[in-house]
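> Need coordinates for the below:
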Amino acid sequence: TDGDWQVPPFSGEVKDGFIWGRGSWDDKGNLFSMLEAAEQLAKEGFRPRRTIYFAFGHDEEVSGKRGAMAMSKLLQSRGVRLDFVFDEGLLITEGILKGVDKPVALIGIAEKGYVTLDLSTTATPGHSSLPPRDTAIGKLSAALARLEKRPFPASVSGVMRETLQTAAPEMDFGSRVALSNLWLLEPLVRRQMEKTAQTAAAIRTTTAITIFNAGNKENVLPGRAEATVNFRLLPGETEESVIAYVKSTVADDRVKVTPKPGNTNPPPVTSTASPSYQAVNRTIREIFPDVLVVPGLMVAATDSRNYLDVTDSIFRFSPVRATAEDLKRFHGTDERLSVKNYADMIRFYRRLMQNVAG
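I've put the predicted structure just below:
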């Protein structure tokens with residue numbers, strides 16, 4: 001899509017108050033603002049009371065095996081125990097959390113698990129002029145249709161419940177009443193949240209059929225059909241529980257279910273009562289005094305899951321202001337980061353280091 005960009009996508013051009021380019025938002029903005037903040041503090045003679053580790057992986061998009069995973073193992077080998085890990089993640093959103101007039105800063109205290117399953121089935125191959133009652137494509141298509149028609153149950157509980165109840169005092173009257181009485185009105189709130197993909201993903205384990213392979217000739221019935229299905233797991237689910245749900249939903253022993261390597265269960269939820277959460281919360285409010293700070297669930301996967309053996313607290317937050325329109329640029333055409341936002345990011349990381357290690 002190079003030709004669709006307003007500027008060359010790898011130029012890093014500063015234009016109209018924005019830094020343009022692939023990765024300017026995800027995730028070079030965080031990378032360089034952390035380093036600029038540390039450089040400023042070092043030049044001023046800042047001496048942290050505790051060690052601050054900067055761990056930058058190069059392969060987060062492909063599971064982090066040579067980056068975050070390797071760095072975590074190195075820390076383990078040195079006997080290092082971290083007070084908390086801070087990674088990219090949720091944002092300062094504007095106009096996305098309905099019922100709240102002010103910007104909302106979501107600190108990711110949890111993230112979904114990642115499970116991919118291969119579904120396959122076989123049939124007798126043959127000429128298309130003599131089709132059998134059940135073909136490989138037909139059997140697998142029916143199985144996948146059942147999965148889509150029967151999604152995992154939705155629930156306004158866990159992290160999402162804490163998110164909504166924290167935000168409730170700042171919401172409009174109707175939303176405040178509903179969220180203050182979830183014991184009674186949860187079905188109504190759940191139905192409302194299921195109307196958009198963004199909020200629906202936060203209240204259920206999602207199912208996404210991503211690959212389907214079968215056949216290579218128009219007049220030949222294939223002997224095998226295969227599909228790949230990706231699931232993003234709510235905290236509390238496991239690979240085993242997803243496999244059991246899939247088998248129960250498909251209800252066809254002719255369809256084989258095989259987990260792919262590299263699947264990960266959801267990491268533990270970080271407590272909002274921890275001193276480290278309070279420090280992050282305070283830092284956000286100091287740098288962005290107009291925002292409401294609430295805990296949230298990261299629906300995608302981050303490198304931070306690889307650090308579970310060296311810390312009990314993980315936060316996923318990027319100090320970036322974003323509207324629904326901005327989110328379309330994420331991993332997309334005309335990705336950009338405002339110069340003002342970049343300056344705020346530097347100020348945020350500078351203040352965070354002062355608050356936790358000053």
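> and the gap between the closest residue to residue 13 other than its chain neighbours and residue 335?
Leaving aside its chain neighbours, residue 13 sits nearest to residue 7 (4.5 Å; criterion: Cβ to Cβ, 6 or more residues apart in numbering). In short, each C-beta sits where N, CA and C put it, glycine included. When Cβ to Cβ, to the nearest Å is the yardstick, residue 7 and residue 335 sit 10 Å from each other.
> Looking only at neighbour counts, state which of the two leads.
residue 335 (23 against 16; other Cβ atoms under 10 Å).
> which residues in the stretch 151-300 of the chain form strands?
Remark: strands assigned in the stretch 151-300 of the chain by DSSP state E, counting those that start in this stretch are 206-214, 220-221, 224-233, 256-259, 292-298.
> could I get those as TSV with mean pLDDT, distance to residue 106 and mean neighbour count?
Supplementary listing: the strands of the stretch 151-300 of the chain in TSV, determined by pLDDT from 0 to 100; distance: least, Cβ to Cβ, whole Å; neighbours: other Cβ atoms under 10 Å:
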stretch	mean pLDDT	distance to residue 106	mean neighbour count
strand 206-214	98	18	15
strand 220-221	97	50	16
strand 224-233	98	17	20
strand 256-259	98	30	14
strand 292-298	97	3	24
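> closest one to residue 39 among those?
For the strands of the stretch 151-300 of the chain, the distance to residue 39 is smallest for strand 292-298, at 27.1 Å, taking Cβ to Cβ.
> Give me the buried positions along the helix or strand following that closest one.
Beyond strand 292-298 on the C-terminal side, the first helix or strand identified by DSSP states H and E is strand 314-323. Within strand 314-323, the residues that qualify as buried are 314, 315, 316, 317, 318, 319, 320, 321, 322, counting by 16 or more other Cβ atoms under 10 Å.
> can you give me the strands in the stretch 1-150 of the chain?
14-15, 18-20, 85-94, 104-111, 113-122, 126-127.
> Rank the helices and strands of this protein by mean pLDDT and give me the bottom one.
Here the helix or strand of the chain ranked lowest by mean pLDDT, DSSP states H and E is helix 324-327, holding a mean of 80.
> How about residues contacting the next helix or strand after that one?
In the C-terminal direction, the helix or strand that comes right after helix 324-327 (DSSP H and E) is strand 336-338. The set of residues external to strand 336-338 that reach it, using Cβ atoms under 8 Å, 6 or more residues apart in numbering, is 17, 18, 19, 20, 21, 24, 25, 29, 320, 321, 329.
> Fine by me, we can end here.
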